[in-house]
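Student: predicted model and sequence below, questions to follow.
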Amino acid sequence: MNDIKIFVTHSPNTNNIRPKLPLFYHVTAGSAFQQGPLPKGMLRDDTGTHISEKNRSYCELTTQYWAWKNINADIYGFCHYRRYFSFSPGLLPKAGCGSVILPYLDKRARKALCLEEEAVRSGVGQYDFLIAKAVPVRAFYAENVYEHYRQADGLHVEDLDLFCKILYEKYPHMQNAAEAYLKGDRFYPCNMFLMKRELFDWYCGMLFGLLEAYEQQAKKRPGKTRYSREGCRTPGHLGERFLGMFYEYIRQLGTYQTKELQMALVTHTQKPAVRKPRPQEIPIVTAANVSYVPALFTCLRSLADHTDPCRRYHIYVFHTDISVRDQQVFQKELECGHIRVDFADVGMLVAGYRLKAKGKISAETYYRFLILDLLKDCAKAVWLDSDLVVCRDVAQLYDLDLRGYMLAAAADPDFAGQCNGANPDTARYCREALRLKDPFQYVQAGVMVFHIREMRKKISTKQLFAMAQQGDYRYSDQDILNIVCQGNIRRLPMAWNMLTDRQHTRYEVIRSAPSELLDEYEQARKQPFIIHYAGSPKPWEALDADFAQEFWKTARNTPYYETLLAGAAGQPEHMTLAQKAAGITVKAAKKLLPQHSRIRWAAGKLYWRMK
């Protein structure tokens, strides 16, 4: 059986996904520039005989040189941390760039690409040379491969001319194939290939000899020292073109079996970078998507404004699409001697799950489940929704004694009011779907303290996501946490999660709650510790929303103030026509359908499915 080794090249000082796959070996190309230890399971290209120090000009070719000089294999393969071969026997749908586009290299993606050992061996088969499928250069608005190089930003066609001159002098038998490739309209990208040992040794001997000769002659040319960063990578680009020339030559010989493989581009490769809290740091977790960035910053600004400088806080933002630029704004504005901010892209961890939330609730609400894994070494963590403002130090929440409890949270007076007569369908849903023993112990999930160690004894992140997949919950992850933790929840004072009123509609519901909960809610409104803008309208949707002045008091001191203000000014009405129509329909249904009837229960169930 052939010894196949496929090397996946990574850039130094990065921490990208490294799927454990038979036959695949992860290597840092340019390990000579690595600062600090390499991530676990990563190989280096600066051991034995190597040219790792040339990585800034040779790019991934330093890994190829290292493998050529130091590794024994029957078949050598090379791909990138974000570009993989597809070994699927059938063609996968591709984008305009010619690649298969995958958001994450999760289990479904690996299955589609057939990256398991048996499929790879079957895909390689008896071939001598496999290469990433050619891309038509017309996609880059070029007539041929030569013109594509000429038009490339930062590159200089004189370098390609010099390289070809050296090639034709040293290996004249290659000239016809090389010229045919350069004049052709199909470009082989990314230095990705698999070759049997005989060909690989032949190829590397030619390539690195040619590049050495090119460097010797090119350094004498005037203007070389003024090359841009991309121009300094010229040897890597020349190696990429030579691979196409060599493949064309081998194909023309007709004595070797060749094949093109589809290439998949993985758009999200960064592993969630979650630094462990330092001793005495309070872990605080929230989640948001890119559209919520202005509101999120306001939330965290209010949090920072009410911290104790003698305490230490570590804020974690779970997300999938917040830009590096926005992340830098948060860190620049919020970080100080006692506050740290980390963003964790959790896309890879939630890929494959259908996380559909109800109404205006976004899928990011489910990300709190990841606390059990990403902060598993912490005893506790404070969770905050991103649509709130903080008016008191959350260290007081973290300091709560949670022995014997899975989490701490405040009662949900809105849910209690519905269950106590305002909406009997909710009471039925609570009994029949949630199977809660006491609906008035139901808690609101916007502010929580997770007792991580205790929760991990009873439930796993995987099980929580499985519940989200299998159930049809009106209040998404909030319902799930109430089911899992019932009887093991420490009640917080409602002031820690004071729900704002929705144009007086929420208070009408809460009036039906047990009197002690109504009293607690009214007291919380007088002096809230955290104001939670659950539901609609939000202050950034309507300037006169409940407690909007508290939001804007913080928002006007943030870099996103103008963005928030423009959004609020663009909302002429508090509700859209669709929202108004939905409200009218619900009111009519409540009048027409008898309370406690099966038809009303069915209608309510349908409404929540569609919401």
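Tutor: It's in. Residues are numbered from 1 along each chain as shown.
Student: quick one: low-confidence ranges for this protein?
Tutor: Within the chain, the segments meeting pLDDT under 70 span 96, 273, 356-361, 571-611.
Student: max-length helix in it?
Tutor: helix 197-218 (DSSP state H).
Student: give me the angle between the following helix or strand past that one and helix 197-218.
Tutor: Of the helices and strands lying after helix 197-218 in sequence (DSSP states H and E), the nearest is helix 234-253. Angle, helix 234-253 to helix 197-218, by axes from the mean of the first three to the mean of the last three Cα atoms, to 10 degrees: 140 degrees.
Student: so which elements touch helix 234-253?
Tutor: Applying 3 or more Cβ pairs under 8 Å, 6 or more residues apart in numbering; DSSP states H and E, one finds that helix 234-253 contacts helix 55-58, helix 61-70, strand 129-132, helix 145-151, helix 157-170, helix 175-183, helix 197-218, strand 258-261. Every residue, glycine included, has its C-beta placed from N, CA and C.
Student: give the buried residues for the longest helix of the chain.
Tutor: 199, 200, 203, 204, 206, 207, 208, 210, 211, 213, 214, 218 (16 or more other Cβ atoms under 10 Å).
Student: got those residues as JSON lines, with distance to residue 266 columns?
Tutor: Shown next, in JSON lines, are the buried residues of helix 197-218 (distance: Cβ to Cβ, whole Å):
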{"residue": "199", "distance to residue 266": "28"}
{"residue": "200", "distance to residue 266": "25"}
{"residue": "203", "distance to residue 266": "26"}
{"residue": "204", "distance to residue 266": "27"}
{"residue": "206", "distance to residue 266": "31"}
{"residue": "207", "distance to residue 266": "27"}
{"residue": "208", "distance to residue 266": "29"}
{"residue": "210", "distance to residue 266": "31"}
{"residue": "211", "distance to residue 266": "29"}
{"residue": "213", "distance to residue 266": "36"}
{"residue": "214", "distance to residue 266": "32"}
{"residue": "218", "distance to residue 266": "34"}
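Student: residues in contact with stretch 179-192?
Tutor: 59-61, 64, 78-80, 83, 85, 131-132, 134-138, 140, 143-146, 148, 164, 236, 239-241, 243-245, 247-248, 252, 263 (Cβ atoms under 8 Å, 6 or more residues apart in numbering).
Student: mind giving me the PyMOL select for those residues, buried ones only?
Tutor: To isolate the buried members of these in PyMOL, using 16+ other Cβ under 10 Å:
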select buried, resi 59+60+61+64+78+79+80+83+85+131+132+134+135+137+144+145+146+148+164+236+239+240+241+243+244+245+247+248+263
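Student: what about residue 445, which SS state?
Tutor: Following DSSP: H, G, I helix; E, B strand; the rest coil, the label given to residue 445 is strand.
Student: tally of neighbours for it?
Tutor: When neighbours are counted by other Cβ atoms under 10 Å, residue 445 registers 23.
Student: how about the one 5 residues further on?
Tutor: Each residue near residue 450 was counted by other Cβ under 10 Å, and the total is 28.
Student: who does it bridge with?
Tutor: residue 381, residue 407 (DSSP bridges).
Student: what distance do you get for it to residue 201?
Tutor: For residue 450, the distance to residue 201 equals 56 Å [Cβ to Cβ, to the nearest Å].
Student: swap in residue 557?
Tutor: 65 Å.
Student: dump the residue contacts of the nearest residue to residue 533 once chain neighbours are set aside.
Tutor: Leaving out its chain neighbours, the residue that sits closest to residue 533 by Cβ to Cβ, 6 or more residues apart in numbering is residue 387, at 4.7 Å. By Cβ under 8 Å, 6+ apart, the contact set of residue 387 is 292, 295, 299, 446, 532, 533, 534, 538.
Student: of those, closest to residue 419?
Tutor: residue 534 (17.2 Å; Cβ to Cβ).
Student: what about that closest one, which SS state?
Tutor: coil.
Student: that one and residue 478 touch, don't they?
Tutor: No - contact between residue 534 and residue 478 fails when scored by Cβ atoms under 8 Å: they sit 10.2 Å apart.
Student: where do the contact lists of the two overlap?
Tutor: residue 444.
Student: so which of the helices and strands packed on helix 234-253 gets nearest residue 108?
Tutor: Using Cβ to Cβ, the nearest of the helices and strands packed on helix 234-253 to residue 108 is strand 258-261, at 19.5 Å.
Student: nearest to residue 418, of the buried residues of helix 197-218?
Tutor: residue 200 (69.0 Å).
Student: let me see the contact set for the closest one.
Tutor: The neighbours of residue 200, taking Cβ under 8 Å, 6+ apart as the test, are 68, 76.
Student: again, but for residue 52
Tutor: 29, 30, 31, 32, 33, 44, 45, 46, 62, 66.
Student: ok, now residue 40?
Tutor: So residue 40 contacts nothing (Cβ under 8 Å, 6+ apart).
Student: now swap in residue 499 and tell me
Tutor: Taking Cβ under 8 Å, 6+ apart as the test, what residue 499 contacts is 412, 413, 414, 444, 446, 506, 521, 532, 534, 535.
Student: state the distance from it to residue 363.
Tutor: 22 Å.
Student: for residue 282, find the nearest of the helices and strands packed on helix 234-253.
Tutor: Here helix 55-58 is closest among those (Cβ to Cβ), at 40.6 Å.
Student: now for that closest one, which elements pack on it?
Tutor: So helix 55-58, by 3+ Cβ pairs under 8 Å, 6+ apart, packs with helix 234-253.
Student: and the helix it packs on with helix 61-70, angle?
Tutor: 60 degrees.
Student: how far does helix 234-253 sit from its chain's centre?
Tutor: 35 Å (Cα atoms, centre = their mean, to the nearest Å).
Student: number the residues from 879 up from this point.
Tutor: Yes, from this point I'll number from 879; that puts the last item at helix 1112-1131.
Student: how about the CA coordinates for it, as PDB?
Tutor: C-alpha atoms of helix 1112-1131 as PDB (Å, rounded to 0.1, in the frame of the first residue of the first chain):
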ATOM      1  CA  THR A1112       7.800  36.600  -6.700                       C
ATOM      2  CA  PRO A1113       9.700  33.300  -6.200                       C
ATOM      3  CA  GLY A1114       6.400  31.800  -4.900                       C
ATOM      4  CA  HIS A1115       4.500  33.100  -7.900                       C
ATOM      5  CA  LEU A1116       7.100  31.800 -10.300                       C
ATOM      6  CA  GLY A1117       7.000  28.400  -8.600                       C
ATOM      7  CA  GLU A1118       3.200  28.400  -9.100                       C
ATOM      8  CA  ARG A1119       3.600  29.000 -12.800                       C
ATOM      9  CA  PHE A1120       6.400  26.400 -13.100                       C
ATOM     10  CA  LEU A1121       4.000  23.800 -11.600                       C
ATOM     11  CA  GLY A1122       1.600  24.400 -14.500                       C
ATOM     12  CA  MET A1123       4.500  24.200 -17.000                       C
ATOM     13  CA  PHE A1124       5.700  21.000 -15.500                       C
ATOM     14  CA  TYR A1125       2.300  19.500 -15.500                       C
ATOM     15  CA  GLU A1126       1.800  20.400 -19.100                       C
ATOM     16  CA  TYR A1127       5.200  18.800 -20.000                       C
ATOM     17  CA  ILE A1128       4.300  15.600 -18.100                       C
ATOM     18  CA  ARG A1129       0.900  15.500 -19.800                       C
ATOM     19  CA  GLN A1130       2.500  15.900 -23.200                       C
ATOM     20  CA  LEU A1131       4.900  13.000 -22.500                       C
END
